[in-house]
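Engineer: Below is the structure, and that's it, no one-letter string:
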């Protein structure tokens with residue numbers, strides 16, 4: 001998906017790299033430093049984040065013609081999401097930032113999805129209720145400006161009169177209208193994460209890579225959340 005047909009042949013151009021591995025898809029995107037999307041590529045993750053992410057970054061460079069020397073900042077999605085995907089995405093982004101000596105910021109995947117859903121004109125952000133999977137039975141509920149909440153299997157979110165549910169990666173586990181909104185949110189995720197990250201970088205909100213932690217919806221058995229990372233897992237997956 002490209003928003004700039006003149007992307008090729010842009011050696012020396014300053015740009016931002018965005019990486020998100022918090023959903024069922026791997027997203028890599030290039031953006032202008034002012035937050036406009038240049039190009040985004042995405043693939044089904046299929047538990048192959050480690051295999052697909054770096055080749056995806058190389059493909060992004062090839063498609064856009066962008067030069068590594070022009071990389072001005074990195075934006076990485078922090079979840080909520082599953083353990084393997086977030087771990088690979090965060091580790092890759094941190095390594096690139098450290099090796100290149102460039103600033104990095106984290107953006108909540110849920111926050112970016114909410115902004116993407118609101119951008120479709122479906123509903124204002126304050127009325128959106130985002131649902132994400134947390135293992136095969138549970139879901140996570142996210143509202144703009146509120147902490148995420150785990151919904152154990154069978155539990156539904158408490159909805160107000162004007163609330164609109166956006167169900168991401170929940171086909172068959174949420175109403176069809178909510179799943180359709182979730183598909184639109186996924187389509188708009190690259191642009192949203194670039195835009196949010198660019199604003200934070202422009203405001204001087206770059207983060208210490210060591211302090212960037214993912215929000216896990218579940219962890220493999222025997223693994224604990226440490227260093228401020230959030231764990232919502234309750235019971236074996």
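Structural biologist: Now that the structure is in, tell me what you want to look at. What you see is a predicted model; the values in this text were computed from it and never measured. Numbers count the residues shown, from 1 in each chain.
Engineer: Can you give me every residue that contacts residue 165?
Structural biologist: When contacts are counted by CB atoms under 8 Å, 6 or more residues apart in numbering, residue 165 touches 129, 131, 157, 159, 174, 175, 177, 178, 181. (Glycine included, C-beta is placed from N, CA and C.)
Engineer: Equivalent analysis for residue 22, please.
Structural biologist: Residue 22 is in contact with 77, 78, 79, 80, 81, 85, 86, 89, 109, 110, 214, counting by CB under 8 Å, 6+ apart.
Engineer: So the third one: helix, strand or coil?
Structural biologist: Think residue 79. What DSSP: H, G, I helix; E, B strand; the rest coil gives for residue 79 is coil.
Engineer: Might one say that it is in contact with residue 214?
Structural biologist: Yes: assessed by CB atoms under 8 Å, residue 79 is found in contact with residue 214 at 4.8 Å.
Engineer: which residues are common contacts for these two?
Structural biologist: Between them, residue 79 and residue 214 share these contacting residues under CB under 8 Å, 6+ apart: 22, 86.
Engineer: Helices of this protein, start to end?
Structural biologist: Per DSSP state H, the chain carries helices over the ranges 49-64, 83-100, 109-119, 176-202.
Engineer: could the ones you listed go into TSV alongside distance to residue 32?
Structural biologist: Shown next, in TSV, are the helices of the chain (distance: least, CB to CB, whole Å):
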stretch	distance to residue 32
helix 49-64	11
helix 83-100	18
helix 109-119	17
helix 176-202	7
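Engineer: who wins for proximity to residue 144 among those?
Structural biologist: Proximity to residue 144 (CB to CB) singles out helix 109-119 among the helices of the chain, at 5.3 Å.
Engineer: Domain map for this protein?
Structural biologist: Domain assignment of the chain by automatic domain parsing yields the ranges 15-109+189-231, 111-184.
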